[in-house]
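**Q** only geometry, no sequence info:
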């Protein structure tokens with residue numbers, strides 16, 4: 001079934017929409033959730049909550065790209081679940097490791113400043129990503145958006161794990177410099 005047909009089922013409030021979404025996107029959703037949560041039960045909770053959020057949100061939203069829409073929802077939900085479960089300590093999920101790697105590229109802004117700067121910062125980062133060679137962009141997004149392990153990125157790019165690590169290190173440094181050039185103090 002096409003994404004448009006699935007969205008149409010949601011619009012018509014047809015419960016088959018959830019079944020079709022599950023058939024088409026379950027593996028994709030599980031991968032995103034597991035990279036953040038590293039726990040099967042939490043992944044299942046996140047997937048089920050994602051289906052509920054999609055059901056409740058599609059009548060007011062009509063996503064153009066369903067995979068991106070469901071991916072964004074599960075990513076946000078999984079991060080919320082992770083934060084709830086691990087308030088006091090960070091464990092070895094790809095989410096925690098990725099956050100630690102990016103720590104050097106962020107500042108200690110307060111929440112209000114973060115909200116105000118978020119949209120501008122997103123545009124700057126998008127511009128930075130578009131300036132990267134395609135292979136480096138794939139590696140960077142794989143690591144910091146999809147939270148893939150370096151080993152997994154090496155598998156799907158055909159690079160060695162060492163090359164992936166070097167690309168990420170150099171790209172983080174370039175991002176840090178780029179943000180400074182754009183007026184963000186690091």
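**A** Yep, it's here. Small disclaimer: the values here were computed from a predicted structure and weren't measured. Residues are numbered from 1 along each chain as shown.
**Q** in what helix or strand does residue 68 lie?
**A** Secondary structure assignment for residue 68, by DSSP states H and E: helix 66-85.
**Q** roughly how far out does that helix sit from the chain middle?
**A** Distance of helix 66-85 from the chain centroid (Cα atoms, centre = their mean, to the nearest Å) equals 8 Å.
**Q** then stretch 160-172?
**A** Per Cα atoms, centre = their mean, the centroid offset for stretch 160-172 relative to its chain is 19 Å.
**Q** quickly note the distance from the spatially closest residue to residue 16 that is not a sequence neighbour to residue 2.
**A** Nearest non-adjacent residue to residue 16, counting by Cβ to Cβ, 6 or more residues apart in numbering: residue 9, 5.5 Å away. Backbone N, C-alpha and C define where each C-beta goes, glycine included. With distances taken as Cβ to Cβ, to the nearest Å, residue 9 is found 11 Å from residue 2.
**Q** more neighbours, those two?
**A** Taking other Cβ atoms under 10 Å, residue 9 and residue 2 do not tie; residue 9 has more neighbours (19 against 10).
**Q** which ones are touching that one?
**A** By Cβ atoms under 8 Å, 6 or more residues apart in numbering, residue 9 lies in contact with 16, 17, 20.
**Q** so who does the second one touch?
**A** This means residue 17. Contacts for residue 17 were tallied using Cβ under 8 Å, 6+ apart; they are 6, 7, 9, 10, 54, 55, 58.
**Q** burial check on the last one, number of neighbours?
**A** This means residue 58. For residue 58, the tally of surrounding residues (other Cβ under 10 Å) stands at 20.
**Q** what are the phi and psi angles of it?
**A** Main-chain torsions, residue 58, degrees, to the nearest 10: phi -70, psi -30.
**Q** could you find the closest non-adjacent residue to it?
**A** Closest residue to residue 58 apart from its sequence neighbours, by Cβ to Cβ, 6+ apart: residue 10 at 3.9 Å.
**Q** whichever strand or helix holds the one you found: which residues count as buried?
**A** Per DSSP H and E: residue 10 is located in helix 3-11. By neighbour count on 16 or more other Cβ atoms under 10 Å, the buried set for helix 3-11 is 3, 6, 7, 9, 10.
**Q** please apply the same query to stretch 60-79.
**A** Within stretch 60-79, the residues that qualify as buried by neighbour count (16+ other Cβ under 10 Å) are 63, 66, 69, 70, 71, 73, 74, 75, 77, 78, 79.
**Q** would you map the helices across this structure?
**A** Secondary structure of the chain, counting by DSSP state H: helices at 3-11, 16-37, 40-57, 66-85, 94-102, 111-131, 134-144, 150-157, 161-181.
**Q** compute the inter-axis angle for the shortest one and helix 134-144.
**A** To tie it back to what came earlier, the one meant is helix 150-157. Interaxial angle, helix 150-157 versus helix 134-144 (axes from the mean of the first three to the mean of the last three Cα atoms, to 10 degrees): 140 degrees.
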